[in-house]
Every structure is written in C-alpha cells, then in structure tokens.
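J.: Turn this into a structure:
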Amino acid sequence: MNLREALRNKKQSLSTMNYQANAWQVYGEETLVLFYADWEFTSANLDKLLDYLSLVDKLVVALPSESSDDTLFRIANLQVVDGIVLYDSVESCMEGFSSAKFAFEGTSAPSVAADLKARILAL
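T.: Prediction:
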C-alpha cells in the first residue's frame, strides 16, 4: 500500500469504521469519535486533537457529509487521526458505533439514549 492509498483508507463508511473500532477494542484500544460541525485548520483545533488523543488510543474525526475534499485531505494527513467518517445526522452516526466514546467540537451533544450519553467525553 502506498501513501496515497493509506490516506484514502482513513475515510471509511460508518459500518466499516464501527467494525474497525470494535477490532481496536479487542486489542484493548479505546476509540473516540470527535464530531466537528465545521473543521478549520488552526493551531487551536490541532491542540484539541492532541488533548483528545491523550484520553484514548484511537481518534476518529466525524465531519458533515458536505465537507470539502480539501478538508478531508488535510485531516487525512494528520498523523494523530486514525480515521474519518462522514455523517448526515449526528444521532444516527452515534448509533452506528457500538463501543466508541464521543466528543463534540463546534456542535452540541444531541439528545440520545442514556447508554450513548454515558460514552460522551468533554474536555
């Protein structure tokens, strides 16, 4: 696999990323899905990524499905990001992950079931 393929493989469908997160969990690695409403390439956002990564082993960035290719390329090139998933609805995306923890930047936590609320982290 070359570098281009590795970067493209970071962006996965919801079901594939859930499968990957469950595989990481088998090896004792926790996954955090970090929801962004609008990603901007700033030092503050990069610091936040490092802060969240200090809490878990794997970091997945969730972006709105209308995110630009430029944004996806920039995030895929970040070494701290293990995966990217696109969402239409935060609630449905959260329900698609069976074991990951969740955090929100630039968007508020939706009203979801108690078992999903228990997996929400905040810095």
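J.: residue ranges with poor pLDDT in the chain?
T.: 1, 108-109, 111-113, 122-123 (pLDDT under 70).
J.: For it, which segments count as helices?
T.: All helices of the chain, identified by DSSP state H, fall at 3-8, 14-26, 43-53, 69-76, 90-96, 114-117.
J.: To residue 107, which of those helices lies closest?
T.: helix 90-96 (6.6 Å; C-beta to C-beta). For every residue, glycine as well, the C-beta is placed using N, CA and C.
J.: In PDB, could you pull the C-alpha coordinates for that closest one?
T.: Output of helix 90-96 as PDB, limited to C-alpha atoms (Å, rounded to 0.1, in the frame of the first residue of the first chain):
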ATOM      1  CA  VAL A  90     -25.100  13.200  14.500                       C
ATOM      2  CA  GLU A  91     -27.600  11.000  16.200                       C
ATOM      3  CA  SER A  92     -27.600   8.300  13.500                       C
ATOM      4  CA  CYS A  93     -23.800   8.400  13.400                       C
ATOM      5  CA  MET A  94     -23.600   7.900  17.100                       C
ATOM      6  CA  GLU A  95     -26.000   5.000  17.000                       C
ATOM      7  CA  GLY A  96     -23.700   3.400  14.300                       C
END
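J.: tell me what that helix is packed against?
T.: Contacts defined by 3 or more C-beta pairs under 8 Å, 6 or more residues apart in numbering; DSSP states H and E place helix 90-96 against helix 14-26, strand 31-36.
J.: Name the stretch among these that sits most buried.
T.: strand 31-36 (a mean of 23; mean count of other C-beta atoms under 10 Å).
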